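>>> 3D model of this:
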Amino acid sequence: MPRRSMFLLCAGLLLCAAIAGATTLVPLDTRALALQSQEIVVGTVESSRSYWNPGKTKIFTDVVLRVERRIKGQESERITITQLGGVVDGVRVRVHATPAFAVGEEALIFAAKDGRGRLQLNGLAQGKFEIEHEGSERLVQRRTPGFAFKDARSLRAIPAGEAPARVTLDAMIAEVESILEAEAGR
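Model prediction:
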């Protein structure tokens, strides 16, 4: 294996180890997600692009979503979610609890701005609810392992082997909107 490739591989592994050791997740219920997010949208993934930071020490991925419905946030046709991790130049960096995105998929997204003003999923995988079509209904659920939930209010993870809840997108949006309305009335 060429020296440069070996160096990049080792650097990527060290970065993954450092990130994995530093990832601490605080469970967020629907109220916390709604109030702590600057953007809450239903959208479709249009593109995903991974790239090195300027110092080539980190890999980021930008995911662009076309907004179908905005529940909270600034009016715009698209939002860009920036995540740590991705694949560039044959180097893969995977961050625990960071969900994957696929072009064409629909999702309900809860996003908050980081210190540099970039939108990131609120609570990592906790901020992405994949949308599935079942007949005329649209259902939401988290597909990232360990994040499936049973109750749309508490969002408590379900025990291993238990079936995830059947939560409609409309019910989830109604829950979020009632939280935001109650907070605005305070």
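>>> Which pLDDT value belongs to the residue lying closest to residue 167 once chain neighbours are set aside?
In space, and not counting its chain neighbours, residue 167 is closest to residue 152: 4.8 Å by C-beta to C-beta, 6 or more residues apart in numbering. The C-beta positions use only the backbone N, C-alpha and C, and glycine is treated the same way. According to the prediction, residue 152 has pLDDT 83.
>>> Next, the contact list for residue 152, please.
30, 165, 167, 171, 172, 175 (C-beta atoms under 8 Å, 6 or more residues apart in numbering).
>>> Just the buried subset of those residues, please.
The neighbour count (16 or more other C-beta atoms under 10 Å) marks 30, 165, 167, 172, 175 as buried among the contacts of residue 152.
>>> just these: which has the poorest pLDDT?
The lowest pLDDT within those belongs to residue 165, with 84.
>>> How about that residue, nearest residue that isn't a chain neighbour?
In space, residue 165 is closest to residue 150, 4.4 Å off (C-beta to C-beta, 6+ apart).
>>> What of residue 109?
residue 41 (5.3 Å).
>>> and the one you found, how far is that from residue 75?
Distance, residue 41 to residue 75, using C-beta to C-beta, to the nearest Å: 11 Å.
>>> If you count surrounding residues, which of those two has more?
Taking neighbours as other C-beta atoms under 10 Å, residue 41 and residue 75 compare with residue 41 leading, 23 against 6.
>>> which SS class is that one?
At residue 41 the chain is in strand, as set by DSSP: H, G, I helix; E, B strand; the rest coil.
>>> how close does it sit to residue 139?
Per C-beta to C-beta, residue 41 is found 17 Å from residue 139.
>>> just residue 71 next, same as before
Separation of residue 71 from residue 139 (C-beta to C-beta) stands at 17 Å.
>>> Equivalent analysis for residue 170, please.
Residue 170 is 10 Å from residue 139, where distance means C-beta to C-beta.
>>> Quick one: name whatever helix or strand follows the helix or strand bottoming out on mean pLDDT in the chain.
Least confident helix or strand, the chain: helix 3-22 with a mean of 46, by mean pLDDT, DSSP states H and E. Toward the C-terminus, helix 3-22 is succeeded by helix 30-36 as the next helix or strand (DSSP states H and E).
>>> Identify each buried residue in that following helix, please.
Residues of helix 30-36 classed as buried by neighbour count (16+ other C-beta under 10 Å): 30, 31, 32, 33, 34.
>>> Please produce a markdown table containing those residues, extended by distance to residue 89.
A markdown table is the format used below for the buried residues of helix 30-36 (distance: C-beta to C-beta, whole Å):
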| residue | distance to residue 89 |
| --- | --- |
| 30 | 39 |
| 31 | 42 |
| 32 | 37 |
| 33 | 35 |
| 34 | 39 |
